[in-house]
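Novice: give me a 3D structure for the following:
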Amino acid sequence: MAQITLDRLTKRFGKQTAVKDFSLEIQENEFVALLGPSGCGKTTTMNMISGLLKPDAGKVYFDGREMNEVPPGQRGVGFVFQNYAVFTHMSAYKNIACGLKVKKVPEEEIQKEVRSFAKLLKIENILNTDAGRLSINDMQKVALARTLVTKPQIVLLDEPLSNLDAALRSVMRAELKRIHLELGQTTIYVTHDQVEAMSLSDRIAVMNFAVLEQYATPDEVYHHPKNLFVANFIGSPTINFFKGKYKNGEISLEDFPKGKIQVFNKYKGEIDKRLKNENVVVGIRPEHLKLVDAGKKGEMLLQAKVVGSEPLGSETVVYLKPEGAVETIIKSIMESDYRVDVNDIKLLQFSEEDLYLFDEKSTELLLKF
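Specialist: As a prediction, this is how the structure comes out:
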C-alpha cells in the first residue's frame, strides 16, 4: 500500500481557484476523509491525486515518487464514483470482472477473485443478476467490488453513499469500515457528511474555500477545532457561539447584558498572552449546555427563553433565545424524556472546561478551557 504526499497543490479553473497551496501527508493503510461544504475543492483534490486533473502548481508523490506526469492508468489507483457507473445491461458478475478482463487476467483467476470479493461484500447471491435490476445499495456494492478486485494500492471514494437513504448509509458505513480493516488499502474518502468522516476516518482534512483548515483525528477536530469554521462545521446540532469582550479576566457577553464569565487565574495569563484585541467569541457545544430552573452559588448560569424543541427519541433538542437578542438561537441537548413549553424561562448551566475561546478577528482558537 502507498504513502501519499501532497505538496502545495494548486488548481485553477479560469479565474476561480479550486484548490490553493494544499499540503497533506497520508500514511500507508490510512483512511483519510476530505470533508467540507460543496465547492470547497474536495473532489478537485481527489482528481489531482488520481491523475484525472493536473495541478497548476505543487506535486503529488506516492511513496516518495513524483506522480504529476504519470497517467491515471499507471498510478495504481481505484476510483468509486458517486453515481456508481455500473453497466446496467450486464450481470453483477460481469461488472465486477470487467477490470480484470481489461488486464487480461486468466478466466480461472477472474472467477476466483470475483467470488472472493463478492463474499467480502456479501453479494454472492446477486452475481448472476443484471445490474439494472439491483437495489441502489447492491449497485454501490458492485461498484465497490469492481474497484477493489483489481487490488489498487490506493482507493478513492467520491461521496459513494450520498444516493442512499439514511438507514442504508449507516449499514454501508459499517461495511466500508470492515472492508478497509480487512484489506488495509490506503483510502481517501470525499464527503460533506461529518458523520461519515467522523465514523470512518483515521484522520480528517477539513476544507473550506479551496484551503485546508485543519488536518487531525476525528477526536481532535471535534474537541480541539483550530478555528470558528471547523468548530461550527463539526457537530450536530452545531456549536453555540456568543460574541463578547475580554477584559481583566472577565468576559462580557453581547447577548447577555447581565451575564459574565469569570476567567480563573490559571487561564488569565494564557489569554492575555495570546489575545491581540478584546473582541472574542465563546463557544459551547449543545450537549454541554444544560437547562435548569434554579442554580447554585458559584455556578456559571445564563438566562434565556424557550422558543421551540425537538424530541428526537434518544434526546431532545431545545432552542432558546436570550432576552433582547434578535438573531441568536441557542441549542441545548437534553434527555429523551425532557419536555418544555415555549416561552418558559430557563437558566443555562455549563462548566468552564466545556468552553472554547476564539479570537473574533482571526477566528483562531485561543483556548480550550
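Novice: can we go C-alpha only for contacts and neighbour counts from here?
Specialist: Noted.
Novice: which helix or which strand is home to Tyr215?
Specialist: Following DSSP states H and E, the helix or strand that holds Tyr215 is strand 211-216.
Novice: can you name every helix or strand that that strand contacts?
Specialist: strand 16-26, strand 203-208 (3 or more Cα pairs under 8 Å, 6 or more residues apart in numbering; DSSP states H and E).
Novice: so which of the ones you listed is the most packed in?
Specialist: A comparison of these by mean neighbour count, using mean count of other Cα atoms under 10 Å, puts strand 203-208 on top with a mean of 24.
Novice: that strand to strand 16-26, inter-axis angle?
Specialist: Calculated by axes from the mean of the first three to the mean of the last three Cα atoms, to 10 degrees, strand 203-208 forms an angle of 170 degrees with strand 16-26.
Novice: strands paired with strand 203-208, and their directions?
Specialist: strand 31-35 (parallel), strand 211-216 (antiparallel) (DSSP bridges).
Novice: next one: the shortest one to chain centre, how far?
Specialist: Using Cα atoms, centre = their mean, to the nearest Å, the mean C-alpha position of strand 31-35 is found 7 Å from that of the whole chain.
Novice: what do you get for the last one?
Specialist: For strand 211-216, the distance from its own C-alpha centre to the chain's C-alpha centre is 11 Å (Cα atoms, centre = their mean).
Novice: list the buried residues for the next helix or strand after that strand?
Specialist: Going down the chain from strand 211-216, the next helix or strand is helix 218-223, by DSSP H and E. For helix 218-223, the neighbour count (16 or more other Cα atoms under 10 Å) marks Pro218, Val221, Tyr222 as buried.
Novice: just stretch 87-105 next, same as before
Specialist: Phe87, Ser91, Ala92, Tyr93, Lys94, Asn95, Ile96, Ala97, Cys98, Gly99, Leu100.
Novice: now the third one: phi and psi?
Specialist: Summarising the backbone geometry of Ala92 under the convention degrees, to the nearest 10, its torsions are phi -60, psi -40.
Novice: any chance you could map the helices in this protein?
Specialist: Assigned by DSSP state H, the chain shows helices spanning 42-50, 92-102, 107-120, 136-148, 166-183, 194-200, 218-223, 228-233, 265-274.
Novice: other SSEs contacting the second one?
Specialist: When you say that, I think you mean helix 92-102. For helix 92-102, the elements it packs on are helix 107-120, helix 136-148, judged by 3+ Cα pairs under 8 Å, 6+ apart.
Novice: of these, which stretch is the most buried?
Specialist: Of all the helices and strands packed on helix 92-102, helix 136-148 has the most neighbours on average by mean count of other Cα under 10 Å, namely a mean of 23.
Novice: state the mean pLDDT of the strand holding Tyr215.
Specialist: Average pLDDT, strand 211-216: 98.
Novice: put together JSON lines for the buried residues of helix 218-223, with distance to Phe79 on each row.
Specialist: Below are the buried residues of helix 218-223 laid out as JSON lines (distance: Cα to Cα, whole Å):
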{"residue": "Pro218", "distance to Phe79": "24"}
{"residue": "Val221", "distance to Phe79": "27"}
{"residue": "Tyr222", "distance to Phe79": "29"}
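Novice: can you list the helices of the chain in CSV and add distance to Met334?
Specialist: Formatted as CSV, the helices of the chain follow (distance: least, Cα to Cα, whole Å):
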stretch, distance to Met334
helix 42-50, 35
helix 92-102, 47
helix 107-120, 40
helix 136-148, 34
helix 166-183, 23
helix 194-200, 20
helix 218-223, 20
helix 228-233, 20
helix 265-274, 29
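Novice: same list (the helices and strands packed on helix 92-102) but as TSV, adding distance to Ala166.
Specialist: Below are the helices and strands packed on helix 92-102 laid out as TSV (distance: least, Cα to Cα, whole Å):
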stretch	distance to Ala166
helix 107-120	23
helix 136-148	11
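Novice: the ones you listed: lowest mean pLDDT?
Specialist: Of all the helices and strands packed on helix 92-102, helix 136-148 has the smallest average pLDDT, which comes to a mean of 88.
Novice: name the surrounding residues that touch that one.
Specialist: With contact meaning Cα atoms under 8 Å, 6 or more residues apart in numbering, helix 136-148 is reached by 78-80, 84-86, 92, 95-99, 114, 117-118, 121, 123, 131, 155, 160-161, 163-164, 168.
Novice: picking that back up, closest to Gly14 among the buried residues of helix 218-223?
Specialist: Nearest to Gly14 among those is Val221, at 32.7 Å by Cα to Cα.
Novice: okay, now the domains of this structure?
Specialist: 4-232, 238-368 (automatic domain parsing).
Novice: could you tell me the least trusted of the ones you listed?
Specialist: Among those, domain 238-368 has the lowest mean pLDDT, at a mean of 87.
Novice: that one: end-to-end distance?
Specialist: Terminal residues of domain 238-368 are spaced 17 Å apart (Cα to Cα, to the nearest Å).
Novice: which of the strands paired with strand 203-208 sits most buried?
Specialist: When the strands paired with strand 203-208 are scored by mean count of other Cα under 10 Å, the highest mean neighbour count falls to strand 31-35 (a mean of 26).
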